[in-house]
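Undergrad: Next comes the sequence, and after it the predicted model I'd like to discuss.
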Amino acid sequence: MRKLLVIIVIMLLSTGVLQAAPAVPPVVYEKGVVVFVGPLDQTMQKQYHMAQGELVSIQLTSGPETGKVVDTFNFVSDRSAYEIRVKPGDKVIVAVTSDLGRTSYHVSDFDRFDYVYVLGGLFVLALVVFGGVVGAKSVLVIAFAMLLIFKFFIDQVMVNLYSLTLLTLVVSAIIAVVTQVVVSGVSKKTLAAILGTVGGVAIAGILSMLSVKLMHLTGLDSEEAMLLKASMLAQIDFQGVLFAGMVFGSLGAVMDVTISIASAVYEVRSVHPTIGFKELVRAGMNVGRDIMGTTSITLILAYAGTSLPLMLLIASQQNAPMLKILNLNLIVTEFARALTGSIGLVCAIPLTAVITAMLLKRD
């Protein structure tokens, strides 16, 4: 029987009845500008086999067909939030496919990133104009931090050779040291700010780690994470990725607080060289208390702003049991993310005040 099946399969393959599945035609993405949007006539409806939609003419602005105007069908129904409604003048991304000698064009998305360049340029200009040399240094450390995260940290996460916890703390320490040294120079004030930052971030990291474990957080709290887990990067520790996000999210705010306190204590010591250790710590704590409230609410509001759709979702579920909603992985993750960073920030204040006072009193 087995031999008979083998003979049948060989015969079918030789006659072409059984063939490998056809390869999916590659998709090339190019830029374009919408030049015309209009309704479909009956001929076009038959051509595209669609009654709901519009004809979109696009002039390609990149690729080998730059300058060519192409027509495509854009389905619209007023029922889906994922539909792309365009108008003349819109910059779009065009998906170009070639199959059996026929080239097709489809609106893939809006071309948004050109405006990101504009905002980025305005941000750099504002830093340099109003910050002078310090603003220029800030641009450099921001570029370094982004390069370190995207080119080193992300690559290491993809390779999955090292502990994400250790990797996150090392990268955070490097960013803290480089940022404080480049912006403030080499001094005891900078050293105090670095040590305070490391201490505050370490506390936030410990709390984040405990939250992930004790609350059984999975790290799969977004569509992107679930898609990666299901199809592409199943081997990655998504709990570690969640931990890294919590730590990186608090790092910037902690650095801001520590350098402010260290600078304040340093200035007090400069004006009153004979001031005692306790007075220096008290001065740092007084400044820290003023910063504490505003910076904590800044951090909480930053997380609340990114979670606004989530809060609207909770508010709309009036008949759903709050016990179930408040214990959802997505909800608890956002609470843990905001609170662990805020606790680390608050703890960095007395740490920095004490460390700065100790370093200055050794002179």
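TA: Nice, thanks for sending it over.
Undergrad: and the helix or strand harbouring residue 335, what does it pack onto?
TA: Here residue 335 is covered by helix 329-361, with elements defined by DSSP states H and E. Using 3 or more Cβ pairs under 8 Å, 6 or more residues apart in numbering; DSSP states H and E as the contact definition, the elements that helix 329-361 packs against are helix 188-214, helix 238-271, helix 277-306, helix 308-316. In short, each C-beta sits where N, CA and C put it, glycine included.
Undergrad: Compare those and give me the one nearest residue 127.
TA: Among the helices and strands packed on helix 329-361, helix 238-271 comes nearest to residue 127, with 14.6 Å by Cβ to Cβ.
Undergrad: Identify each buried residue in that closest one, please.
TA: Neighbour-count burial for helix 238-271 flags 238-266, 268-269 (criterion: 16 or more other Cβ atoms under 10 Å).
Undergrad: phi, psi of residue 35?
TA: Main-chain torsions, residue 35, degrees, to the nearest 10: phi -110, psi -20.
Undergrad: these two touch, right, residue 207 and residue 337?
TA: No: counting by Cβ atoms under 8 Å, no contact exists between residue 207 and residue 337, whose distance comes to 10.8 Å.
Undergrad: quick one, which of those two is more surrounded?
TA: Each of residue 207 and residue 337 had its neighbours counted (other Cβ atoms under 10 Å), and the higher figure belongs to residue 337 (23 against 20).
Undergrad: Might you report the residue contacts of the nearest residue to the more buried one once chain neighbours are set aside?
TA: Ranked by Cβ to Cβ, 6 or more residues apart in numbering and with sequence neighbours excluded, the top spatial neighbour of residue 337 is residue 246, at 5.2 Å. Contacts for residue 246 were tallied using Cβ atoms under 8 Å, 6 or more residues apart in numbering; they are 204-205, 208, 211, 336-337, 340-341.
Undergrad: cool, and residue 76?
TA: For residue 76, the residues meeting the contact criterion (Cβ under 8 Å, 6+ apart) are 52-54, 83, 85.
Undergrad: Would you mind listing the buried residues in stretch 271-283?
TA: Neighbour-count burial for stretch 271-283, counted by 16+ other Cβ under 10 Å, picks out 275, 280-283.
Undergrad: For that stretch, what does the pLDDT average out to?
TA: Along stretch 271-283, the predicted confidence averages to a pLDDT of 86.
Undergrad: Next: stretch 120-130.
TA: Summarised as a single mean, pLDDT over stretch 120-130 is 92.
Undergrad: Then stretch 236-247?
TA: So the average pLDDT for stretch 236-247 ends up being 80.
Undergrad: Throw the contacts of residue 246 into CSV and include distance to residue 29, thanks.
TA: As requested, those are arranged in CSV below (distance: Cβ to Cβ, whole Å):
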residue, distance to residue 29
204, 39
205, 39
208, 37
211, 39
336, 37
337, 33
340, 39
341, 36
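Undergrad: Out of these, which is nearest to residue 91?
TA: Of all the contacts of residue 246, the one sitting nearest residue 91 is residue 337; the distance, using Cβ to Cβ, is 34.0 Å.
Undergrad: so what's that closest one up against?
TA: Taking Cβ under 8 Å, 6+ apart as the definition, contacts of residue 337 comprise 245-246, 249, 303.
Undergrad: got it, and residue 145?
TA: Residues near residue 145 by Cβ under 8 Å, 6+ apart: 175, 178-179.
Undergrad: so which of these comes closest to residue 309?
TA: residue 175 (29.6 Å).
Undergrad: on that earlier part again, okay, the contacts of residue 337 in CSV with distance to residue 37 next?
TA: Compiled in CSV, these are given as follows (distance: Cβ to Cβ, whole Å):
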residue, distance to residue 37
245, 40
246, 44
249, 41
303, 39
